Structures are given as structure tokens and as C-alpha cells.
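Enquirer: just a sequence and a predicted model for now, questions to come.
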Amino acid sequence: MNHNKDKVYYCNGYDFDCEKFLPLLPCEREEKYHRLRFEKDKKNCVGVYLLLRRALKEYGIEEFSLGCTETGKPYINGNPVYFSFSHSKNGFACAVSQKEIGADIQEIVKPKKTTLEK
């Protein structure tokens, strides 16, 4: 496996049962999940963490813990692998790299015909 490439893991849609995956989350992530009010936010919380777990396995990292910077950006304690989470109306993503990386997924909206005519 070539670890020098940036990778993006993406899930298109929210058709999964979060409760099924809660045993895979560390305590602090599960606590965050329970604090969230909206179902989509809960699915983002669980989904991006599962994508990160999947990505880190490709780097040979099975166990890890997350920390947060003063500005709230999460990082992997004691490991030089960087990651970024993003979500949109239709799905969520996790990007990983051995250098600083950012991900931002957006919904693509087709303009209305009347907008094109202006």
C-alpha cells in the first residue's frame, strides 16, 4: 500500500442504522452521538468515524484516539496521519493523508431553467 497518496472515503446517503455501529465507537464519540438532536447529525457523527477507522486500517493503524486543537479541529493522538471530515445533504466524507488535508463536499444543484434565461 502506498501511504503517500491522499485518499477520500465517501458515503452517498444516510440509509443505515446508527445504533448497530455504536459498539464500534469510543466512549467520547458515543457521548457526542447521544448529545446530538437530529438524526442526520447522529448519522454524520457515526458515519465519518467509521470511514476514518476504515482509512486508518489501510495505514496499519488499528487502535487510535482523537484529540482536538484549541480551535476544535480533531487530530489523531501520536500519529502523523491527518484527516478531515465533511458532510452535505446527501452524504459524508473522510479524507486522509500524511500531510495536512481538507475535505469539503457540496450538493450539486442544477439551476432552474428560469435562472439560466436571465
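Expert: Yep, it's here. Residues are numbered from 1 along each chain as shown.
Enquirer: residue ranges of the helices in the chain, please?
Expert: 18-21, 27-35, 39-58, 113-117 (DSSP state H).
Enquirer: which among the ones you listed is found nearest to Gly91?
Expert: helix 39-58 (8.3 Å; Cβ to Cβ). Backbone N, C-alpha and C define where each C-beta goes, glycine included.
Enquirer: mean confidence for that closest one?
Expert: The average pLDDT within helix 39-58 is 94.
Enquirer: list the buried residues in it.
Expert: 42-53, 55-56 (16 or more other Cβ atoms under 10 Å).
Enquirer: which strands or helices does it pack on?
Expert: Contacts defined by 3 or more Cβ pairs under 8 Å, 6 or more residues apart in numbering; DSSP states H and E place helix 39-58 against strand 7-12, helix 18-21, helix 27-35, strand 82-88, strand 91-97.
Enquirer: show me what the third one is packed up against.
Expert: Counting contacts by 3+ Cβ pairs under 8 Å, 6+ apart, helix 27-35 is packed against helix 39-58.
Enquirer: before we move on, what about the last one?
Expert: Contact analysis of strand 91-97 by 3+ Cβ pairs under 8 Å, 6+ apart lists strand 7-12, helix 39-58, strand 82-88 as its packing neighbours.
Enquirer: neighbouring strands for that strand, and are they parallel or not?
Expert: Paired with strand 91-97 in the same sheet, following DSSP bridges, are strand 7-12 (antiparallel), strand 82-88 (antiparallel).
Enquirer: most tightly packed of those strands?
Expert: Mean neighbour count (mean count of other Cβ atoms under 10 Å) peaks for strand 82-88 among the strands paired with strand 91-97, with a mean of 19.
Enquirer: then it to CSV, C-alphas only?
Expert: Extracted as CSV, the C-alpha positions of strand 82-88 are listed here (Å, rounded to 0.1, in the frame of the first residue of the first chain):
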residue,chain,number,x,y,z
TYR,A,82,-4.0,13.8,9.0
PHE,A,83,-7.7,13.7,8.3
SER,A,84,-10.7,15.9,7.5
PHE,A,85,-14.5,15.3,7.8
SER,A,86,-17.2,16.8,5.6
HIS,A,87,-20.9,16.3,5.1
SER,A,88,-23.7,17.5,2.9
